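Peer 1: sequence below, structure please.
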Amino acid sequence: MCTLKDDYTVLNEIDAEVSATVLNSNSEQDDGYYNFKFNEGQFKDNGDIKAWCVDIDRSIAFTTYNVDVYNSMDANLFKTVYPDAVDYPDNIPAINWLINNCNSGTEITVEDCAENHIITDRQFQLAVWRLVDKVTEDSDRLNQYFKDEPKKCVVNHLVEKAMNYTDYKVDCKDVTELIGLIVIVDDELGNINHQVAIMEVLLAQTDLCDCNDGALDSEDPEIFGDPHFKTWAGEYYDFHGVCDLVLIKNPEFKNGMGMDIHVRTTRMRMWSYVSNAAIHIGEDTFEIIGGQDENNFWINGVPLMKSSTTDLQITLAPTISGFPIHFKQPSSNQREFVIDLGDREKIIFKTWNSFISVQVKNAKHEDFQNSVGLMGSFPLGIKLARDSILVIDELDTFGQEWQVLDSEQNLFHNIAGPQHPVRCAIPAYSEMRRRLGESTVTIKQAQKACANVNKEVVDLCVFDVMATSDKLIVGAY
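Peer 2: Below you'll find the model as predicted:
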């Protein structure tokens, strides 16, 4: 089980590790209102880290400082140690929600305001000031900075949405979670003489999470990439077989209602990726496919109609056996469907272009205690055969063991690829190695492209970039 530590400090100047250079931002969409580049310490290899101003009345020069970096999630720090740093520290969790759910560069639609609108850096910055600084919507100071801003209604929308999440907690078990870290430049007496910033880094790149790896606790298992599997025990492995596969078989879910999750893998050169995913709960089945088509999800084989507009989050009218399905579309090539099982349990389906990922979050013992499949057995992640006795360590054999059988219900709306009793098509490893050697992307280029992904999956990311010769595949992480 992973929880956020109570420690304030991430980096402190007395460690002589936090020389950082403030850089002017060159991109309206990607770099924040300005950037930090750390010259030493654990963030040295992160490149330019985007950051947002906390105080509209403070400034900072584009030069090098020794800085202190603090966990933003404990408001007491800014009420006691640094009472002059943030005017409304209780609203900082709302900014962390914004960073993770509708950051600069996210596409949203605001009724009677903006359709398919990309949130700009300065709109996001204005929302940050509105949330944590003593400044009003009609402030002359704000108008001085944003006198030509045509979409203040977008800012109002962001602020209104964020204020619903002042109790937001960053999730230590989510490999994609970002956290806003407070960066302070002070003098020897602790006086703050420069702009206070909130910069964005992956939570997994900090030491702020305390993880207990006890035998009765489970990780959040997932499948992603080309494809990579993560078991209940947090073990990663690959299986490149092309066929329909049983990710989770859980007949006793919710006192016998039952749950099955299947994925369909499709060949891509000498590798494969998850192109379809389906979940069956009770009597209902929900299915999605990757890609940018508007109507690419079904309930019980019937396509659901979704308009081309995007929003921060909506709840789809149909449910799956009474469990709500929440939908959001951060951008034109990204979609997310969250099946809310209650008590923080969730099944999350994400699409990035044609790629699909599936993750189970906060699984409870009473709901998943007899779960088996390619995620392994709950909660230890043991690679059990279908008889729940034999342990299979050879990965191709284990993958083939959990091919969807012709005696099992087909959860997909169509038939495609090898179907049992025809076995999964598995590319030869010699051919895979040869194709990897022919990649147009070097290891160094792939490592640079994957620099900001969770450190646990950097090697997997590098493999995928080289395998596909496509640096943009990092978006699937």
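Peer 1: who is residue 336 paired with across the strands?
Peer 2: Residue 336 has the following beta-bridge partners by DSSP bridges: residue 328, residue 350.
Peer 1: again, but for the one 4 residues further on
Peer 2: According to DSSP bridges, the residues that bridge with residue 340 are residue 346.
Peer 1: mean confidence for stretch 89-109?
Peer 2: Stretch 89-109 carries an average pLDDT of 91.
Peer 1: same thing with stretch 278-294?
Peer 2: Here the average pLDDT along stretch 278-294 is 87.
Peer 1: again, but for stretch 114-125
Peer 2: 87.
Peer 1: likewise for stretch 385-393?
Peer 2: Rounded mean pLDDT across stretch 385-393 is 90.
Peer 1: hey, C-alpha coordinates of that stretch in CSV?
Peer 2: Taking Å, rounded to 0.1, in the frame of the first residue of the first chain, the C-alpha atoms of stretch 385-393 are listed here in CSV:
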residue,chain,number,x,y,z
ALA,A,385,-2.7,-21.9,-14.9
ARG,A,386,-6.4,-22.2,-15.4
ASP,A,387,-6.6,-25.0,-12.9
SER,A,388,-5.4,-22.5,-10.2
ILE,A,389,-2.8,-25.1,-9.1
LEU,A,390,0.0,-25.2,-11.7
VAL,A,391,2.5,-22.3,-11.7
ILE,A,392,3.7,-21.3,-15.2
ASP,A,393,7.0,-19.4,-15.3
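Peer 1: how far off centre is that stretch?
Peer 2: Its chain's C-alpha centre and that of stretch 385-393 lie 32 Å apart, by C-alpha atoms, centre = their mean, to the nearest Å.
Peer 1: buried sites along that stretch?
Peer 2: For stretch 385-393, a neighbour-count test (16 or more other C-beta atoms under 10 Å) marks residue 392 as buried. C-beta here means a position set from N, CA and C on the backbone, and glycine is covered the same way.
Peer 1: with stretch 40-50 instead?
Peer 2: Going by 16+ other C-beta under 10 Å, stretch 40-50 has these buried residues: 41-43, 46, 48-50.
Peer 1: quick check, central residue of this structure?
Peer 2: residue 176 (3.1 Å; C-alpha atoms, centre = their mean).
Peer 1: look at that residue and tell me its secondary structure.
Peer 2: Here residue 176 is recorded as coil under DSSP: H, G, I helix; E, B strand; the rest coil.
Peer 1: residue 105: which of the buried residues of stretch 40-50 is nearest?
Peer 2: Among those, residue 50 lies closest to residue 105 (C-beta to C-beta), at 9.9 Å.
Peer 1: so the closest one belongs to a helix, correct?
Peer 2: No: counting by three-state DSSP, residue 50 is not found in a helix; it is strand.
Peer 1: any idea how far the residue nearest to the centre of the chain is from residue 450?
Peer 2: 14 Å (C-beta to C-beta, to the nearest Å).
Peer 1: what does residue 59 give?
Peer 2: To residue 450, residue 59 is 35 Å away according to C-beta to C-beta.
Peer 1: please, which helix or strand holds residue 464?
Peer 2: Taking DSSP states H and E as the definition, one finds residue 464 inside helix 458-468.
Peer 1: just give me how far that helix sits from the chain centre.
Peer 2: Using C-alpha atoms, centre = their mean, the offset of helix 458-468 from its chain centre is 18 Å.
Peer 1: quick one: list the elements packing against it.
Peer 2: With contacts defined as 3 or more C-beta pairs under 8 Å, 6 or more residues apart in numbering; DSSP states H and E, the secondary structure elements packing on helix 458-468 are helix 429-437, helix 443-449.
Peer 1: ok, now with 6 Å
Peer 2: helix 443-449 (3 or more C-beta pairs under 6 Å, 6 or more residues apart in numbering; DSSP states H and E).
Peer 1: how is the chain carved up into domains?
Peer 2: Here the domain assignment for the chain is 2-210, 222-427, 428-477, based on automatic domain parsing.
Peer 1: export the helix or strand harbouring residue 359 as PDB, just CAs?
Peer 2: Element membership for residue 359 (DSSP H and E) is strand 355-361. Output in PDB follows, covering the C-alpha atoms of strand 355-361 (Å, rounded to 0.1, in the frame of the first residue of the first chain):
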ATOM      1  CA  PHE A 355      -3.200   1.900 -28.200                       C
ATOM      2  CA  ILE A 356      -5.300   0.900 -25.200                       C
ATOM      3  CA  SER A 357      -4.300   0.500 -21.600                       C
ATOM      4  CA  VAL A 358      -6.200  -1.100 -18.800                       C
ATOM      5  CA  GLN A 359      -5.600  -0.500 -15.100                       C
ATOM      6  CA  VAL A 360      -7.300  -1.700 -11.900                       C
ATOM      7  CA  LYS A 361      -7.100   0.700  -9.000                       C
END
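Peer 1: run through who's touching it.
Peer 2: 220-224, 273-274, 277, 290, 346-350, 476 (C-beta atoms under 6 Å, 6 or more residues apart in numbering).
Peer 1: mind checking how far residue 297 is from residue 177?
Peer 2: Distance from residue 297 to residue 177, by C-beta to C-beta: 25 Å.
Peer 1: the two - which one has more neighbours?
Peer 2: Neighbour totals were compared for residue 297 and residue 177, and residue 297 leads with 24 against 17 (other C-beta atoms under 10 Å).
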